[in-house]
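Novice: Sequence and predicted structure below; questions after.
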Amino acid sequence: MAQKPTSKAHSKQIEAGTVGRNKGHKFEALLAAEINKLSGRIFMPTKNNSHLQKGNPAQNLLQYIANHQNIVITSVKASWLGGLATSGLGDAITDDDGKPITKSKSDVLIKIGTPYETKTIGISVKTCNKKNPTNDQMFFSTAKAFCQLLSNNEIIISKAAATGLSMFCGDTGYRPIDCMNEDELQARISDPNRYYWEETPQKSQKDWKDIINSNQDKISLLLFQKAYKDDPFPPEYLLHQTVKYKDFNDCEIAVFSMNEIVKLSNLHSRFVLSEYYIHKGTYKNDKKPHLAPRFGFIQFQRGGQKQHPTQLQFNLKSGYFYMLKDYFDKI
């Protein structure tokens, strides 16, 4: 459903988000179309499987899959699913039970034929249409839903951890305006609608550090693969358009299997806290440093946008695909 702007600034935010999303969808649809042009071309496995590549993304993706799975690809049929959840646009396909697919974490779905079998492979596509890499959103949720996702996947979430995350996101009942007296609120320069990470209880902070360090690969994989309940085709590969391109046949991409990107992310770092300052907006007079949680290539924060201020937003660190050379011999 289209959002209704509440101000000129909000209208510009919505417009910018829509333009960016549509550019991403355009690349996804083009990728699927270009893959379909390659049907009948044979891709033999080779030993060269660089994560960072330049050229035709459709060809490079199929060659990467052939190399990674050590298979000969003899036929392909791609479908674009990326616009189904956000705008209702995409290819009409069904799952194995014949039910229409209306939402999927896979933006492009490829049916691949080999001399021995046919397999369906989901691709998560990330795009950047700037000269330099930017943060890319990978998961959007609420504190409660994220905790439930982890619990559903046998990761124990303590009451203190759940409470701290609700404070961090600014859920009703957990905000400074809900918990502080009038004098405390008058003295507060920081946002009264949420607590910052360093303001959450020490028990919560410790629990989240322990939860993530003990389950980092599992949590990372959930963020890459999960978004919709009963998604029939969670993505097996990530293809990231790294920067803006002029010619599709000379486009730089980074490509990984999900297990590879999760492993590389873990090697990059465990759970850490990164210091930052507020330089703009309503609370720019808040000169105190705040702490942002990170693990691997993944950073997370309170959404804060006017249309969904308490959402929990997970992003991929900008330029993460240029930080991989030190880890190649470890995966």
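Specialist: Ah, there it is.

Novice: Now the residue nearest the centre of the chain. Its backbone dihedrals?
Specialist: Geometric centre of the chain, nearest residue: Met138, 1.0 Å, by CA atoms, centre = their mean. With angles defined as degrees, to the nearest 10, Met138 sits at phi -120, psi -20.

Novice: quick one: contacts for it?
Specialist: Residues counted as contacts of Met138 (CB atoms under 8 Å, 6 or more residues apart in numbering) are 126, 223-224, 298, 314-316. All C-beta atoms are positioned from the backbone trio N, CA, C, and that covers glycine.

Novice: from these, which is closest to Asp210?
Specialist: Ile298 (16.9 Å; CB to CB).

Novice: Ramachandran coordinates for the nearest residue to the closest one once chain neighbours are set aside?
Specialist: Of all residues not flanking Ile298 in the chain, Phe314 sits nearest, at 5.9 Å (CB to CB, 6 or more residues apart in numbering). Main-chain torsions, Phe314, degrees, to the nearest 10: phi -110, psi 130.

Novice: any chance you could map the helices in the stretch 151-300 of the chain?
Specialist: 159-169, 176-179, 182-187, 202-225, 258-268 (DSSP state H, counting those that start in this stretch).

Novice: Check which helices and strands the longest one is in contact with.
Specialist: So the one you mean is helix 202-225. strand 136-141, helix 143-152, helix 159-169, helix 258-268, strand 271-276, strand 290-295 (3 or more CB pairs under 8 Å, 6 or more residues apart in numbering; DSSP states H and E).

Novice: again, but for the third one
Specialist: The contact analysis (3+ CB pairs under 8 Å, 6+ apart) places helix 182-187 against helix 176-179.

Novice: Run the chain-centre distance for the helix it packs on.
Specialist: 31 Å (CA atoms, centre = their mean, to the nearest Å).

Novice: One more: stretch 295-311?
Specialist: Chain-centre distance of stretch 295-311: 11 Å, with CA atoms, centre = their mean.

Novice: buried residues in that stretch?
Specialist: Using 16 or more other CB atoms under 10 Å as the test for burial, stretch 295-311 gives 295-304, 310-311.

Novice: And the pLDDT for Ala9?
Specialist: Here, the pLDDT recorded for Ala9 equals 44.

Novice: pLDDT added to the contacts of Met138, as a markdown table?
Specialist: Formatted as a markdown table, the contacts of Met138 follow (pLDDT from 0 to 100):
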| residue | pLDDT |
| --- | --- |
| Lys126 | 96 |
| Leu223 | 96 |
| Phe224 | 96 |
| Ile298 | 97 |
| Phe314 | 96 |
| Asn315 | 96 |
| Leu316 | 96 |
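
Novice: what about stretch 316-323, start to end distance?
Specialist: 13 Å (CA to CA, to the nearest Å).

Novice: residue contacts, Val262?
Specialist: 217, 220-221, 224.

Novice: Let's see that with 7 Å instead.
Specialist: 217, 220-221 (CB atoms under 7 Å, 6 or more residues apart in numbering).

Novice: From Lys206, how far off is Asn56?
Specialist: 49 Å (CB to CB, to the nearest Å).

Novice: of these two, who's got more company?
Specialist: Under the neighbour definition other CB atoms under 10 Å, Asn56 and Lys206 were set side by side, and Asn56 has more, 20 against 14.
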